[in-house]
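Participant: quick one: sequence and predicted model below, then my questions.
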Amino acid sequence: ETGVTQTPRHLVMGMTNKKSLKCEQHLGHNAMYWYKQSAKKPLELMFVYNFKEQTENNSVPSRFSPECPNSSHLFLHLHTLQPEDSALYLCASSPGTNPYEQYFGPGTRLTVT
Amino acid sequence: SQKIEQNSEALNIQEGKTATLTCNYTNYSPAYLQWYRQDPGRGPVFLLLIRENEKEKRKERLKVTFDTTLKQSLFHITASQPADSATYLCALGRNAGNMLTFGGGTRLMVKP
């Protein structure tokens, strides 16, 4: 295991639901990331947090709302999603935001119906 | 716009041979490049990082080259094994923020 856990592993939600994805890292890292991986598309960076502060929002729609209460936990709050938001959502962490390798969690497979 | 190209077709090779995967990019000046391995249903796993001032990096059976003139990185796996079968992703980054831009990945199949 990489030391990054994500829950739930699978989620099915309707377009009017509100749900949250959770990520926890046990590596003592200071930077955390959310990525989206859709079928037949490259991994897309969504958000970056460094020392709990958001440093990057890659033009993500407001129906995705991140939260980073501390350096070990990262949430992605979801509301009024669209079917095209169905994808694998991956969380990653790194020691900082210098050029470091990133450690990915197993992902949450999200299906929006 | 930035573009990172990896061969979208699967690469099939025989066990014991050297696998060579290509990552080409345009409209981008990366400070470093990373390679990751991804197995089905799992998150990517980091393999190697190479900086713009480095020509080559090695780790066990893996070798990465980085040619900023050609705007290309080559990833080699020598003495390939069936366990090396996976999708390999290249990712480019700039110095600020460790924000990676990923290619679409190439699936490698090593046959016994």
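Facilitator: Yes, it's here.

Participant: make it CA atoms for all contacts and neighbour counts henceforth
Facilitator: Noted.

Participant: enumerate every residue touching the residue nearest to the spatial centre of chain A.
Facilitator: Geometric centre of chain A, nearest residue: A:Trp34, 3.0 Å, by Cα atoms, centre = their mean. Contacts for A:Trp34 (Cα atoms under 8 Å, 6 or more residues apart in numbering or on different chains) come out as A:Leu45, A:Met46, A:Phe47, A:Val48, A:Tyr89, A:Leu90, A:Cys91, A:Ala92.

Participant: did I read that right, it in a strand?
Facilitator: Yes. Counting by DSSP: H, G, I helix; E, B strand; the rest coil, A:Trp34 is located in a strand.

Participant: for it, give its distance to B:Ser80.
Facilitator: 32 Å (Cα to Cα, to the nearest Å).

Participant: next, the spatially closest residue to A:Leu74 that is not a sequence neighbour: secondary structure please.
Facilitator: Closest residue to A:Leu74 apart from its sequence neighbours, by Cα to Cα, 6 or more residues apart in numbering or on different chains: A:Cys68 at 4.6 Å. Using three-state DSSP, the three-state assignment for A:Cys68 comes out as strand.

Participant: pLDDT score for A:Cys68?
Facilitator: With respect to pLDDT, A:Cys68 scores 95.

Participant: now it: how far from A:Leu21?
Facilitator: 12 Å.

Participant: how about the residues of chain B near chain A?
Facilitator: Chain B has residues B:32, B:34, B:41-46, B:49, B:93-105 near chain A, with proximity defined as Cα under 8 Å from any Cα of the partner chain.

Participant: filter these to the buried ones?
Facilitator: Among the residues of chain B next to chain A, the ones that count as buried by 16 or more other Cα atoms under 10 Å in any protein chain shown are B:32, B:34, B:43-46, B:49, B:93-94, B:97-105.

Participant: list the contacts of B:Gly93.
Facilitator: B:Gly93 makes contact with A:Pro99, B:Pro30, B:Ala31, B:Tyr32, B:Leu33, B:Met99, B:Leu100, B:Thr101, according to Cα under 8 Å, 6+ apart.

Participant: Serialize these to CSV and add fields for secondary structure.
Facilitator: Formatted as CSV, the contacts of B:Gly93 follow (three-state DSSP):
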residue, secondary structure
A:Pro99, coil
B:Pro30, coil
B:Ala31, coil
B:Tyr32, strand
B:Leu33, strand
B:Met99, coil
B:Leu100, strand
B:Thr101, strand
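
Participant: quick check: residues of chain A near chain B?
Facilitator: Counting by Cα under 8 Å from any Cα, chain A sits next to chain B at A:40-45, A:48, A:55, A:90, A:96-107.

Participant: now, which of those lie within strands?
Facilitator: If you go by DSSP state E, the residues of chain A next to chain B have A:Glu44, A:Leu45, A:Val48, A:Thr55, A:Leu90, A:Tyr103, A:Phe104 in strands.

Participant: number of residues surrounding the last one?
Facilitator: This means A:Phe104. 27 (other Cα atoms under 10 Å in any protein chain shown).

Participant: test my guess that it contacts A:Gln6.
Facilitator: No. Applying Cα atoms under 8 Å, one finds A:Phe104 not in contact with A:Gln6, separated by 9.5 Å.

Participant: intersection of neighbour lists for those two?
Facilitator: By Cα under 8 Å, 6+ apart, A:Phe104 and A:Gln6 have these common neighbours: A:Cys91.
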